[in-house]
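>>> how would this look folded up:
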Amino acid sequence: MTRYPLSRPAHPALTAVAQAALALLCASAAHAQTSSAEASTADKALPSITVNAAPSGGETATSPVTGFVAKRALSATKTDTPLLETPQAISVVTRDEMEAQGSQTLRQTTAYTAGVVSNYFDSRQDSFTVRGNDLSQYLDGLLRQTGYWNDTRPDPYTLERAEVLRGPSSVLYGKGTVGGVLALTSKRPLEEAQREVQVQLGSHSRKQMAADLTGPLDKEGQWLYRLVAVGRDSDTQVDYVKDDRVVIAPSLTWKPNAATSLTLQATHQRDKSGSLIGFFPWQGTLLPNTYGQIPTSRFNGEPGWDAYNASSDSIGYQFSHQLSSDWTLRQNLRRSVSDVDYKTLYTSFSPRPVFTADNRTIQRDASWHLGNARMLLVDTQLQGKQQWGSTEHNLLMGMDVQRVRTGGSDWFQSNAADLDLYNPVYGRFTPPTAADLVVQPNVTGRQLGFYAQDQIRWNAWTVTVGLRHDKANSDTDGDPAAASEDKAWSKRIGATYQWGHGWAPYVSYAESFLPLSGVNFYGKPYKPTRGKQWEAGVKWQPPGQGISAYAAVYQLRETNRLTTDPANPNNSLQVGEAKVRGLEAEIKATLVPRWDLSMGYAYTDARISKSNDGNVGQRLESVPKHTASAWLTHRFAQTGGGSWSVGAGLRYTGTQLSTDGTYSIGTPASTIADAMVAYDAGDWRVAFNVVNLTDKVYITQCLARGDCFYGQARTYTLTSTYRF
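Numbering: from 1, shown residues only. You can find the predicted model right below:
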C-alpha cells in the first residue's frame, strides 16, 4: 500500500490550461522538474490519502497507474516491458487520464494521443487512423473487432488503460493493418478492496449510473473479484437518435499460490442507438447553400424505424503458471457472440450525395442489415528468461488461433423517399418486412500463427528480434471461388540504448500483412497487402520524475495495393503502393500533487507512390499533415474539507484532402477546446466536463464522393462519484 497526496482512489482532479505546440514539450518538461521539487513543500499543506498500489507493490503493464504516466507496456512485445526498452513508439492512456478528460467514448479516450485521428462522430463503431492507416483493435491481447456493423463499441468505464502501438505489428498479432494496434486492457480484480458508485447527468437528457467493485473474497486473498456495470438512458445531438446502454462485466481471479493465476472474464452489453452520421451534401455543410447551413441536429432517417441496436456477450480466461524459476506458461482465450439490427435511411449515393434542383431536398437510400459475428480466439505463450554469457534473454514463443464467422441478412432500396433537410416531414417511407430480407452467405476466417521473440540485454543495449509465420484463410458458404488461403512470414528487429539520465535512443524495422477479400477479373484471389516500416527515435524518462516522453521519425511503405489494369478496366492489378513519412512527439507528466500534462504533435506525409490511376503523388484520402493536442490539469491546495481542480485542453486537426479523379475537396483545419472542473472531499468527487467548450460547428471529414460529416457539438457531463 502506497500513499500519495490527493491521488487514487479519491482521484486527483482533472485538467487545466492547454497549449498545443510542439515547441512547448521541452519547456513543459523543464517546468515539470521544477514543480516536482516544489511538491515536498506543497505536501505539507495537503492531506495524504491512502490508495491502492499495483499488485506486489509495483507498476505492471496491466495494473492501475496513478496519474497520466505509465512506464511499462504489453502491446509491443506481449511481455511486461519498460517503455524505455521497447524499440517502437507507444502511447499509453491511463485510467486517471480517461477520468480527467471525462472520456465517454473510445474516440475521446484517444483524443489527446499524438497522431491518432478519428474522422467519424459515429454511433456504429469507433474507427481510428495512425500514420495514414487504420488501427487494428485488440482487447486483453485478443482481437476485439472484425468487419463492419456487427458489434458493440467498448465502454471506457470498463477499461484500465489503452495503448496505441504505432506501425506494422504482424510479428505478434498476425494479419493486421500497417498503421498499428489499439490495445485495450480491461479492469481486472485487485488485491485490495476498492468500491465506487457513480451517477452522471449531462447534455441531451443523459442519465447514467455506474459501479466498480473489486477486492478479495477470502482472508487468504486466493480469490479476487471485480464487477463493473454501466446503465445509461440518453439522447444525442441528433434528433430521434438514442444512446442507451447496459454493460455488466464480472471477473474472478483464482491465485492458489504465487506461481499460478487464473482470471475468468465475462461481458454482457446491450446498446440501443441510431444513425448519428447524415452523409450530408457538401453544400449546406462545408460549402454555402441558398438556405443556409444544415443543422448539426438534423436527422435524415425515419423516426421509429432508424436503429443501430447491438448486443454482445463474451466469456474467456487469462491463465498463467510459472513452470520453474525461469519459464512461465500463459494462455488467453475468449469466445464472443455479437448481433446488430441496423436500419437506416441516408443521403442517396445514386449518383452522389447531393441536393435535388431545389437545393434543399435529398433523395434517400434505405438499408436494413441484420449482422452477426462469432469469434473464438486463443493465444498460448511460453516465456523464459535465460543468461547466456554476458547477455540476458527474455524468450517468448507462442501460437495463436483465430476463428471468426460473420453473416447476416440485408435489404436495400435506392431512392426510397426524399426529405427536405431544412423543413423535414417524415412518414413518407414504407418500411420493409422481415420477408424482404435476403440472407447473405456466412464468411469464415481462420488464422493460425506461430511466433518467436527474443529480447536480448547486453550492458546498456536491448535488442528485440521477432519472427512469425501465419496461415490465414477465408471461406464463403456456397461460393468456392471466393475461398482464399494466404501464408506469410513477418519479421521485426529493433535496438535500444540506455544512454543515461533517462534517455534511450532506438531504431527498428517491422512488417505487416493484411489479406484482401475477393478475386480479380480472371478469378484469381488477391495477395495480401504488405507493410514495411523503418523507425528511429528517442525516449525520455528522467529518474525519479513522473515524466515519459518520446520523439520518432519513420518511413513506411504499403505494397500490393489495388490499382486499375490498363489492359482491362474491369480488372485490378496489385502494383499500387503508398508511402508515409512522418514525425511524432509526445510528453506525459504527473507531478504530484499539482499537475498532470499530456501534449503531442504529429506530422504525416502520406502519398500514393505507385498507381495506374493517374494519382501518383497525391495525398492519401483524409489524412491531415499536422495534428496536435495539449491537456493540463492543476490541483489547488486544500481549503476546508476538500480541494478544487481545473483543467482544459486543445485539439488541432490540420487540413485533409479527398479526391477520386473526378471530384476533389479539402476539409479545413479545426481547433477544439475542452474543459473541466472538479471538487474532491473525502470519499466524494464531483466533476463537470465539457467537450467542445465553444460549441464550434466543425467538419471532421469531407469525401470526394460528395458528402461531409459533422463533429461533436458541445457536450457536458456532471459526474458524482462516491468511493468506499
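
>>> for residue 203, see how far away the closest residue to residue 656 other than its chain neighbours is.
Nearest non-adjacent residue to residue 656, counting by C-beta to C-beta, 6 or more residues apart in numbering: residue 667, 4.1 Å away. Heads up, the C-betas are built off the backbone N, CA and C, glycines and all. If you measure residue 667 against residue 203 using C-beta to C-beta, to the nearest Å, the figure is 25 Å.

>>> which of those two has more residues huddled nearby?
residue 667 (23 against 17; other C-beta atoms under 10 Å).

>>> quick check, that one in contact with residue 698.
No. Assessed by C-beta atoms under 8 Å, residue 667 is found out of contact with residue 698, at 9.4 Å.

>>> partners of the helix or strand where residue 463 lies, with directions?
Residue 463 belongs to strand 461-476 when assigned by DSSP states H and E. In the sheet containing strand 461-476, its partner strands are strand 438-458 (antiparallel), strand 484-497 (antiparallel), by DSSP bridges.

>>> which of those sits closest to residue 584?
strand 484-497 (16.2 Å; C-beta to C-beta).

>>> immediately after the closest one, which helix or strand?
Assigned by DSSP H and E, the successor of strand 484-497 is strand 503-514.

>>> tell me which residue is most central in this structure.
Nearest to the geometric centre of the chain sits residue 182, at 4.8 Å (C-alpha atoms, centre = their mean).

>>> and that one, that one's in a strand?
Yes. Residue 182 forms part of a strand when assessed by DSSP: H, G, I helix; E, B strand; the rest coil.

>>> what about residue 705, neighbour count?
Under the criterion other C-beta under 10 Å, the count of neighbours that residue 705 has is 15.

>>> isn't it up against residue 659?
No. Shown here, residue 705 and residue 659 do not form a contact pair, counting by C-beta under 8 Å, at 10.5 Å.

>>> contact partners for residue 421?
Contacts for residue 421 (C-beta atoms under 8 Å, 6 or more residues apart in numbering) come out as 280, 284, 294, 298, 300, 360-362.

>>> list just the nearest of those residues to residue 625.
Looking across those and measuring by C-beta to C-beta, the closest to residue 625 is residue 280, at 25.3 Å.

>>> show me what the top strand by length along the chain is packed up against.
As assigned by DSSP state E, the longest strand anywhere in the chain is strand 391-420. Applying 3 or more C-beta pairs under 8 Å, 6 or more residues apart in numbering; DSSP states H and E, one finds that strand 391-420 contacts strand 327-347, strand 361-388, strand 438-458.

>>> that strand to strand 327-347, inter-axis angle?
10 degrees (axes from the mean of the first three to the mean of the last three C-alpha atoms, to 10 degrees).

>>> buried residues in strand 391-420?
394-396, 398, 400, 402, 404-408, 411, 413, 416-417, 419 (16 or more other C-beta atoms under 10 Å).

>>> can you pull out the helices in the stretch 51-200 of the chain?
95-100, 106-109, 170-173 (DSSP state H, counting those that start in this stretch).

>>> possible to save the ones you listed as a markdown table with mean pLDDT, distance to residue 234 and mean neighbour count?
What follows is the helices of the stretch 51-200 of the chain, written out as a markdown table (pLDDT from 0 to 100; distance: least, C-beta to C-beta, whole Å; neighbours: other C-beta atoms under 10 Å):
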| stretch | mean pLDDT | distance to residue 234 | mean neighbour count |
| --- | --- | --- | --- |
| helix 95-100 | 96 | 19 | 25 |
| helix 106-109 | 95 | 15 | 21 |
| helix 170-173 | 97 | 34 | 28 |
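
>>> make a markdown table from those and add distance to residue 270 to it.
Shown next, in a markdown table, are these (distance: least, C-beta to C-beta, whole Å):
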| stretch | distance to residue 270 |
| --- | --- |
| helix 95-100 | 22 |
| helix 106-109 | 18 |
| helix 170-173 | 29 |
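
>>> these: which one's closest to residue 601?
Per C-beta to C-beta, nearest to residue 601 of the helices of the stretch 51-200 of the chain: helix 95-100, 17.6 Å.

>>> wait, residue 310 touches residue 154, no?
No. Assessed by C-beta under 8 Å, residue 310 is found out of contact with residue 154, at 11.7 Å.

>>> any chance of the helices and strands packed on strand 391-420 in TSV, with mean neighbour count too?
Formatted as TSV, those follow (neighbours: other C-beta atoms under 10 Å):
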stretch	mean neighbour count
strand 327-347	19
strand 361-388	18
strand 438-458	17
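
>>> what is the rounded mean pLDDT of the helix or strand harbouring residue 244?
Using DSSP H and E, residue 244 falls within strand 243-257. On average, the pLDDT along strand 243-257 is 98.

>>> show residues contacting it.
123, 155, 157-158, 186-189, 204, 206, 221-236, 261-273.

>>> mind checking which of the residues you listed are buried?
By 16+ other C-beta under 10 Å, the contacts of strand 243-257 give 123, 155, 157-158, 186-189, 204, 206, 224, 226-230, 232, 234, 236, 261, 263, 265, 267, 269, 271-273 as buried.
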